[in-house]
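# got a predicted structure plus its sequence, pasted below:
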Amino acid sequence: MIHVYNTLTREKELFKPITPGKINMYVCGPTVYNYIHIGNARSSIAFDVVRRYFEYRGYDVNYVSNFTDVDDKIIKRAREQGVDEMTIANRYADAFHQDTLPLNIKPATVRSRATDVIPDIIVFVGDLIKKGYAYESEGDVYFRAKRFKGYGILAHQDLAEMEANAAGRLDDIELTRKEDPIDFAVWKSSHAEDEISWQSPWGKGRPGWHIECSVMAQKYLADTIDIHGGGIDLAFPHHTNEIAQSEARTGQTFVNYWMHNGFVNVNDEKMSKSLGNFTTVHDMLANYDDPMAIRYLLATTQYRRPINYSNDTLEQARVALDRIRTAYRNLSFRLETAVVGQDQAIENMIENQISNFESAMDDDFNTPNALASVFELVTTANTLAESRQVSLETVQHLLDTIAKLMSVFGIEDLSVQSDLTKEQSELLKSRTLARDTHDFEASDRLRQALRQLGIVVEDTPQGQRWHKA
RNA sequence: GGUAAUAUAGCCAAGUGGUAAGGCAACGGUCUGCAAAACCGUCAUCGCCGGUUCGACUCCGGUUAUUACCUCCA
């Protein structure tokens, strides 16, 4: 029984998929005009965890996301660099894949670009006009926001307020073209010859920002989808407008559950270029050698809560993750000395923690609580690793469980052990001999030598335990 | 101005009408040739003021602070 917080109703609701066992979800992707920043990564990771948990629960998840590859920011950047828009879009779409790979974000089932669906967008806009929900005005096409009943409820915005706000902000050109200040563009005429554009019934132009998501969700998923996700800032206007467009066209509910992730602050401040704390994933990965620690920080905070990203919080994440890795590694070491059999008390404990983990995740993906269960298992693993005698099946079960639960957070490869070089192997053997004869001087020297070669050796009742530094 | 969210120990962070998970740090102990890793123990009364209640940190009212959104920012 999974419960999901629905932004539309502002309540946790029992999750019921439209088709049993299947989930159609759409998550807003980035505008590819720059490297993705940590906020983009947070959003991707938050919904990656949602997806992974549904999959863990046995659902078949159809995950669709987009690249916004045509918009003002891309056009501007292309101009600045004297290249065409697609050069910019391709460059940063590629960078997205490079940056998300080390963060272990699963690729979308379908990752579509706005420019891949231009014909569909034109049909969609045409339909809106036919139904009286949109109108052409000097080459632009606008959506009649007021015509759509319930416009603004997702973000709990008041129509009159919005109207007043909008009127003060728009320039004269927009005001003269729009019937109403709160109307929004679904199609924009192109203003310059060298600007990217497509031929349409309304002249040369390009899609408005919101329309692509409505079109893709419908094209690749369905008229009504289970989950739509994105950053909380998108609730208004982006998702508000998506709802209006999509429902105006189909007459059906567009989305059953709206999910929005919280923001990432950098050093306790909102990330912005003017504050100089704009943090791209590209730079983070270049400056930090443990991408899984970044993932840990972003994945283990409850998705609706804000995250403060700083050297300090990142370091705390790394230390916490290391505790899990160390436990996993040290228990793995006991596989060699384990005896065939099972330990019922520990088996029961494992089942209890799995159950706690699932209860936590069922409750709107409460990752901090779920993690607490993992740490209970970690303590058990540490205790077991120190026991005189351990049962093989139970050791394996505990290891598998920790790995399985952590993989829900997208943290895999807990124990990245590589083979020893011949030299390292020889040194270890020599050290065993030295210890057998209580030659501690030689033993300490060899431990130091191994340390220099990147191998940390620890002495246990079961012999030497080593791992890479 | 409007609409929301948040306020829990040194830090990060859960949670609940009946006397506060987990992680880090700190302190004490155990284990250890030393070390490492680990284990055990200690460490908060929940922004402020009222109210409801047998009882609130958890519900209600108020207040303060912080933050976000109010047309293209995840």
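Yes, it's here.
# surely residue A:368 touches residue A:299?
No. With contact defined as C-beta atoms under 8 Å, residue A:368 does not reach residue A:299; the gap is 10.7 Å. Any C-beta I mention is one placed from the backbone N, CA and C, and that applies to glycine too.
# which of these two has more neighbours?
Of the pair residue A:368 and residue A:299, residue A:299 is the one with more neighbours under other C-beta atoms under 10 Å, namely 26 against 11.
# work out for me the element that one sits within.
Applying DSSP states H and E as the criterion places residue A:299 in helix A:291-300.
# repeat that for residue A:308.
Secondary structure assignment for residue A:308, by DSSP H and E: strand A:307-309.
# packing partners for that strand?
Helices and strands touching strand A:307-309, by 3 or more C-beta pairs under 8 Å, 6 or more residues apart in numbering; DSSP states H and E, are strand A:264-266, helix A:291-300.
# against which helices or strands is the last one packed?
The contact analysis (3+ C-beta pairs under 8 Å, 6+ apart) places helix A:291-300 against helix A:38-56, helix A:281-287, strand A:307-309, helix A:311-332, helix A:367-385.
# just the buried residues of the second one, please?
Think helix A:281-287. Within helix A:281-287, the residues that count as buried by 16 or more other C-beta atoms under 10 Å are A:281-282, A:284-285.
# which pair in the residues you listed spans the largest distance?
By the measure C-beta to C-beta, A:282 and A:284 form the most distant pair in the buried residues of helix A:281-287, at 7.3 Å.
# ok so, going back, closest to RNA strand B out of the buried residues of helix A:281-287?
Minimum distance to RNA strand B across the buried residues of helix A:281-287 is 11.5 Å, recorded for residue A:281 (C-beta to the nearest atom of the strand).
# got a list of what the closest one touches?
With contacts defined as C-beta atoms under 8 Å, 6 or more residues apart in numbering, the neighbours of residue A:281 are A:35-38, A:40-41, A:99-100, A:103.
# just residue A:252 next, same as before
Taking C-beta under 8 Å, 6+ apart as the criterion, residue A:252 is in contact with A:223-224.
# reformat the buried residues of helix A:281-287 as a markdown table; add pLDDT.
Output for the buried residues of helix A:281-287, formatted as a markdown table (pLDDT from 0 to 100):
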| residue | pLDDT |
| --- | --- |
| A:281 | 94 |
| A:282 | 94 |
| A:284 | 92 |
| A:285 | 93 |
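# now render those residues as TSV, adding distance to residue A:127.
Below are the buried residues of helix A:281-287 laid out as TSV (distance: C-beta to C-beta, whole Å):
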residue	distance to residue A:127
A:281	38
A:282	40
A:284	43
A:285	43
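# show me which residues of the stretch 351-469 of chain A sit near RNA strand B.
Remark: the part of the stretch 351-469 of chain A in contact with RNA strand B comprises A:363, A:366, A:368-369, A:371-372, A:375-376, A:378-379, A:382-383, A:385-386, A:435, A:440, A:443-444, A:456-460, using C-beta under 7 Å from any atom of the strand.
# who does the residue in chain A that RNA strand B sits nearest to bridge with?
Sorted by distance to RNA strand B under C-beta to the nearest atom of the strand, the residues of chain A start with residue A:231, at 1.5 Å. As for beta bridges, residue A:231 partners with residue A:261 under DSSP bridges.
# list the contacts for residue A:269?
For residue A:269, the residues meeting the contact criterion (C-beta under 8 Å, 6+ apart) are A:275, A:277.
# mind redoing it with 10 Å?
Taking C-beta atoms under 10 Å, 6 or more residues apart in numbering as the definition of contact, the neighbours of residue A:269 are A:275-277, A:308, A:310.
# near RNA strand B, from those residues?
Applying C-beta under 7 Å from any atom of the strand to these, one finds that residue A:308 fall near RNA strand B.
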